[in-house]
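J.: mind folding the following:
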Amino acid sequence: MKNTPNGDAELLAQLRESEHSALTEIYNKYWIYLYQSSFRILQDYDKTNDVIQEVFVNLWEIRSKLFIKLSLKSYLYAAVKYEVLRQLRKQVINDDILDFIDTLEDNSNEQLMEYKELQQQIDQIIEELPSRCQEVFKLSRLEHLTHKEIAEKLAISTKTVEYHIANALVYLRSQLGKTLSIELFILFLINR
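T.: From the prediction side, this is the model:
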């Protein structure tokens, strides 16, 4: 596909039709530029990978409602900028989250039960993933391996690792739905 607005318009049309190949092509076309832009600010490989992954997961999730006024490239750069700012905000409020967790620990057993139920629900959803996707996701999120370490361990490319993690996150979000308490999810992520 040529690097033209018409090429991007065609890719967006295919993306709206839920064609995975369109997402893959958009990713392959723009990821390096987006990665460099994000890394310049974050100076952290894992956080930069998370930013890029999150942008493309979100792109897939909103594909049917996606309307881009300018260019796809501009849209993606803006999405990366937003996600980088979100990452930076997370760093700034990290102490507040830790204080919040201390408060949670002092609260009732009800919250502990809710957390355990959430943990069981997430574990069950992870078990529903295809075996390779499940393996990659567990290595990333439970064993905290980098994308590169996972790729080396499984003898696959880092792009394949990113693809599996993105698919796992999309599935996890779709199964958990909007009913999840943000406090419980933060607690779950920190305690994993």
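J.: for the residue lying closest to T146 once chain neighbours are set aside, give its distance to I62.
T.: Distance criterion C-beta to C-beta, 6 or more residues apart in numbering; nearest residue to T146, sequence neighbours excluded, is D46 at 5.8 Å. C-beta coordinates here come from the backbone N, C-alpha and C atoms, glycine included. D46 sits 25 Å away from I62, going by C-beta to C-beta, to the nearest Å.
J.: now Y27: which helix or strand?
T.: Secondary structure assignment for Y27, by DSSP states H and E: helix 20-42.
J.: name the helices or strands packed onto the helix or strand that that helix is followed by?
T.: Scanning forward in sequence from helix 20-42 by DSSP H and E, the next helix or strand is helix 45-61. Under the contact definition 3 or more C-beta pairs under 8 Å, 6 or more residues apart in numbering; DSSP states H and E, helix 45-61 sits against helix 20-42, helix 72-92, helix 158-176.
J.: for the ones you listed, give me CSV that also has mean pLDDT, mean neighbour count and distance to Q53.
T.: As requested, these are exported to CSV (pLDDT from 0 to 100; neighbours: other C-beta atoms under 10 Å; distance: least, C-beta to C-beta, whole Å):
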stretch, mean pLDDT, mean neighbour count, distance to Q53
helix 20-42, 92, 16, 10
helix 72-92, 87, 16, 9
helix 158-176, 87, 18, 5
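J.: which one of those helices lies nearest to I122?
T.: Closest to I122 of these is helix 158-176 (C-beta to C-beta; 7.0 Å).
J.: CA atoms of the closest one as PDB?
T.: Taking Å, rounded to 0.1, in the frame of the first residue of the first chain, the C-alpha atoms of helix 158-176 are listed here in PDB:
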ATOM      1  CA  THR A 158       8.500  -9.000  19.000                       C
ATOM      2  CA  LYS A 159       5.800  -7.900  16.600                       C
ATOM      3  CA  THR A 160       4.100 -11.300  17.200                       C
ATOM      4  CA  VAL A 161       4.400 -10.800  20.900                       C
ATOM      5  CA  GLU A 162       2.800  -7.300  20.600                       C
ATOM      6  CA  TYR A 163       0.000  -8.800  18.500                       C
ATOM      7  CA  HIS A 164      -0.800 -11.500  21.000                       C
ATOM      8  CA  ILE A 165      -0.700  -9.100  24.000                       C
ATOM      9  CA  ALA A 166      -3.000  -6.700  22.100                       C
ATOM     10  CA  ASN A 167      -5.500  -9.400  21.300                       C
ATOM     11  CA  ALA A 168      -5.400 -10.600  24.900                       C
ATOM     12  CA  LEU A 169      -6.100  -7.100  26.200                       C
ATOM     13  CA  VAL A 170      -9.000  -6.600  23.700                       C
ATOM     14  CA  TYR A 171     -10.500  -9.900  24.800                       C
ATOM     15  CA  LEU A 172     -10.000  -9.200  28.500                       C
ATOM     16  CA  ARG A 173     -11.600  -5.800  28.200                       C
ATOM     17  CA  SER A 174     -14.500  -7.100  26.200                       C
ATOM     18  CA  GLN A 175     -15.200  -9.900  28.700                       C
ATOM     19  CA  LEU A 176     -14.900  -7.700  31.800                       C
END
